[in-house]
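Visitor: predicted structure and sequence below. I'll ask about it afterward.
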Amino acid sequence: MSTKMIETQTIEFKQVWNDEYLKWVCGFANAQGGFLYIGINDDGEVVGVANARKLMEDIPNTIHNILGIVVGVDLLHSSDGKEYLCINVPLSNVPVACRGKYYYRSGTTNQELSGLTLNDFLLRKMNITWDMGTIPTATFDDIDGDALSFFLRTAINARRLPADCATMTKEQVLRHLHLTSDDGLITRAALLLFGKDIKRWSITADFRIGRFGNSLSDLITQDDIACPLILMPDRIIETLRSKYLTSPIHYEGLLRMEPLEIPEDGLREIICNAIIHRDYCGVFTQMKVFNDRIVLWNDGPLPMGYTVETLMGDHESRPRNRYIAEMFYRAGFIENWGRGYDKIRNSFVSAKLNMPSFESERGGFLVTILREKYVANEAKIDNSGQNVPVNVPVNVPVNVPVNDRQKQIINLITANSYITVLQLSKELGVNEKTIKRDLHLLKQKNIIERIGADKNGHWKIISPENTPKTT
């Protein structure tokens, strides 16, 4: 062995033994195991210990009495005859505490675990995740048959479930998927994935989207999506497509194409990750759509020992909610090899867009996506000489005589084509009669059009070429 070493995830140096270092032994046992060398300084040089042979007896006994684990202690010699010790700490299959506290070796640091991180650690050590827990009061009537049928169709089409599952009852399907316990109780995963009312089982299980102008104080519209998790990615994409994001039109030959301004494959992967990895005991997942960016945050820290850099490289998939992740995999929504970030990267590279940024922030995970195509299209319209406000999406016709309140109505309709007269009244602080009069005038000027019945219909912005010119 060389007289010069470096500290790593599994190697730590101490010049002398101190019972304080039981915390480091505890951290190794809870992480990957490791080696604690006594008699080596911080520079990795062997300085030796005077009482090495006595410590060979004392250290194993102290560790066993305090931590309840058995370690190996070896006496080693440097090339110049100095004695030092190597404490070989095995990985423990059960949580190890040091005087009532839990520690975990991450990189070259020893971290004390607490709160949600401690809870996740204890569950993982017992080979369970939160979503595996059962709800004694839940029944099979709480399962939405349509959501379960949708899952079966997609999973069978993805060849990740046998075709005969389509003829099974609810009880048989959930049992086949291990989403019920041996005594027939339904797991949290099943109730969130296929439940009729997911907020009954997790009050913050919904996914909230807000459209803002240039700042958080400028909220234009918002949506609260609270459906079975297996349906949620599609619902979110549909809502973003119809209300929040633009779909620039181009032609491939004679074929008219209207892809989202953000690559849908990458966006879907980001959304699925937020649903799968979030902490369902925390706050709701939130997506904020600004003029120049989209910000998505979900509660729940990264897996212990993982950093953002870990996610960007080759890594194992370690979902916080293992059963939810398994069902998303079976449905063909994700892969289970930790390849999600490659999929996101490839999607954005193909679209010639910047890769989203990822950060561990406020006890959760933050993704920021730049709206490059939207911003570019806005600039193109502004440079054409039209009078287009910065927070009005592309193709909003405001080149006719309208007052400021009517311009705000156009903004709100563009952000949410299903907005009601009552909602417009509340947003703008005027009575419904005034709103109705403004809407009538905008229709007369051929700026907006009402599609469908009053209750189930929506608004449509008429394209600029059909709009009367400013007088």
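Guide: Here it is on my side, so go on.

Visitor: how about the strands in the stretch 1-150 of the chain?
Guide: 11-14, 34-38, 72-77, 83-89, 97-98, 101-106, 109-112, 134-135 (DSSP state E, counting those that start in this stretch).

Visitor: what's the answer for the stretch 351-471 of the chain, then?
Guide: Under DSSP E, counting those that start in this stretch, the stretch 351-471 of the chain gives strands at 357-361, 364-370, 448-451, 458-461.

Visitor: what packs against the last one?
Guide: For strand 458-461, the helices and strands in contact under the criterion 3 or more Cβ pairs under 8 Å, 6 or more residues apart in numbering; DSSP states H and E are helix 404-415, strand 448-451. To be clear about C-beta, it is placed using only N, CA and C from the backbone, and glycine gets the same treatment.

Visitor: and the longest one, what does it pack onto?
Guide: I take that to be helix 404-415. Short answer (3+ Cβ pairs under 8 Å, 6+ apart): helix 404-415 packs on strand 219-225, helix 421-428, helix 432-444, strand 458-461.

Visitor: buried stuff in it?
Guide: Residues 406, 407, 408, 409, 410, 411, 412, 413, 414, 415 are the ones in helix 404-415 that count as buried (16 or more other Cβ atoms under 10 Å).

Visitor: pull the most distant pair out of the residues you listed.
Guide: 406 and 415 (15.2 Å; Cβ to Cβ).

Visitor: mind showing which ranges of the protein have poor pLDDT?
Guide: Within the chain, the ranges that satisfy pLDDT under 70 run 1-4, 248-257, 337-338, 378-401, 453-456, 463-471.

Visitor: next, name the residue at the spatial heart of it.
Guide: Residue closest to the average C-alpha location in the chain (Cα atoms, centre = their mean): residue 274, at 2.1 Å.

Visitor: closest one to residue 240 out of the buried residues of helix 404-415, please.
Guide: Among the buried residues of helix 404-415, and counting by Cβ to Cβ, the member closest to residue 240 is residue 415, at 11.4 Å.

Visitor: the residue lying closest to residue 90 once chain neighbours are set aside - how many residues pack around it?
Guide: Using Cβ to Cβ, 6 or more residues apart in numbering and skipping the chain neighbours, the partner closest in space to residue 90 is residue 33 (5.1 Å). Residues within reach of residue 33, counting by other Cβ atoms under 10 Å, total 15.

Visitor: kindly reformat the helices and strands packed on strand 458-461 as JSON lines containing distance to residue 60.
Guide: Shown next, in JSON lines, are the helices and strands packed on strand 458-461 (distance: least, Cβ to Cβ, whole Å):
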{"stretch": "helix 404-415", "distance to residue 60": "67"}
{"stretch": "strand 448-451", "distance to residue 60": "78"}
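
Visitor: and the residue nearest to the centre of the chain, that's in a helix?
Guide: Yes: counting by DSSP: H, G, I helix; E, B strand; the rest coil, residue 274 is part of a helix.

Visitor: so the closest residue in space to it that isn't next to it in sequence, which of the three states?
Guide: Leaving aside its sequence neighbours, residue 274 sits nearest to residue 298 (Cβ to Cβ, 6+ apart; 4.1 Å). Secondary structure for residue 298, judged by three-state DSSP, is strand.

Visitor: next up, the contacts around residue 298.
Guide: 274, 275, 277, 278, 279, 285, 364, 365 (Cβ atoms under 8 Å, 6 or more residues apart in numbering).

Visitor: which one (most neighbours) among the residues you listed?
Guide: The residue in the contacts of residue 298 with the most neighbours, by other Cβ under 10 Å, is residue 285 (27 neighbours).

Visitor: distance check, the spatially closest residue to residue 350 that is not a sequence neighbour against residue 347.
Guide: Spatially, and ignoring its direct neighbours in sequence, residue 350 is nearest to residue 263 (7.0 Å; Cβ to Cβ, 6+ apart). Separation of residue 263 from residue 347 (Cβ to Cβ, to the nearest Å): 4 Å.

Visitor: now do residue 219
Guide: From residue 219 to residue 347 the distance is 29 Å (Cβ to Cβ).

Visitor: before we move on, what about residue 188?
Guide: Residue 188 is 31 Å from residue 347, by Cβ to Cβ.

Visitor: the more surrounded of the two?
Guide: Remark: of residue 188 and residue 347, residue 188 carries more neighbours, 25 against 21, as counted by other Cβ under 10 Å.

Visitor: so that one makes contact with residue 132?
Guide: Yes: counting by Cβ atoms under 8 Å, residue 188 does reach residue 132; the two are 7.4 Å apart.

Visitor: which parts of the stretch 151-300 of the chain are helices?
Guide: 170-176, 188-194, 232-239, 264-277 (DSSP state H, counting those that start in this stretch).

Visitor: picking that back up, so who does the residue nearest to residue 90 touch?
Guide: Here residue 33 is in contact with 10, 89, 90, 91 (Cβ under 8 Å, 6+ apart).

Visitor: I'd like the strands of the stretch 351-471 of the chain as JSON lines, with distance to residue 75 appended.
Guide: Putting the strands of the stretch 351-471 of the chain into JSON lines (distance: least, Cβ to Cβ, whole Å) gives the following:
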{"stretch": "strand 357-361", "distance to residue 75": "42"}
{"stretch": "strand 364-370", "distance to residue 75": "46"}
{"stretch": "strand 448-451", "distance to residue 75": "83"}
{"stretch": "strand 458-461", "distance to residue 75": "79"}
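
Visitor: what angle do strand 364-370 and the strand or helix carrying residue 348 make with each other?
Guide: Using DSSP states H and E, residue 348 maps to helix 340-350. Using axes from the mean of the first three to the mean of the last three Cα atoms, to 10 degrees, the direction of helix 340-350 lies 10 degrees away from that of strand 364-370.

Visitor: quick one: contacts of helix 340-350?
Guide: 263, 265-267, 269-270, 272-273, 311-312, 317, 334-335, 354-356.

Visitor: that one versus strand 357-361: what angle between them?
Guide: 140 degrees.

Visitor: give me the buried positions along helix 340-350.
Guide: 340, 341, 343, 344, 347, 348.

Visitor: and what of stretch 233-241?
Guide: 233, 236, 237, 239, 240.

Visitor: list the contacts of the fourth one.
Guide: Shown in contact with residue 239 (Cβ under 8 Å, 6+ apart): 209, 223, 225.

Visitor: against residue 285, how distant is the residue nearest to the second one when sequence neighbours are not counted?
Guide: Okay, so that is residue 223. Counting by Cβ to Cβ, 6+ apart, residue 223 lies nearest to residue 209, which is 4.7 Å off, once chain neighbours are set aside. Using Cβ to Cβ, residue 209 is found at 10 Å from residue 285.

Visitor: what of residue 213?
Guide: Counting by Cβ to Cβ, the gap from residue 213 to residue 285 is 22 Å.
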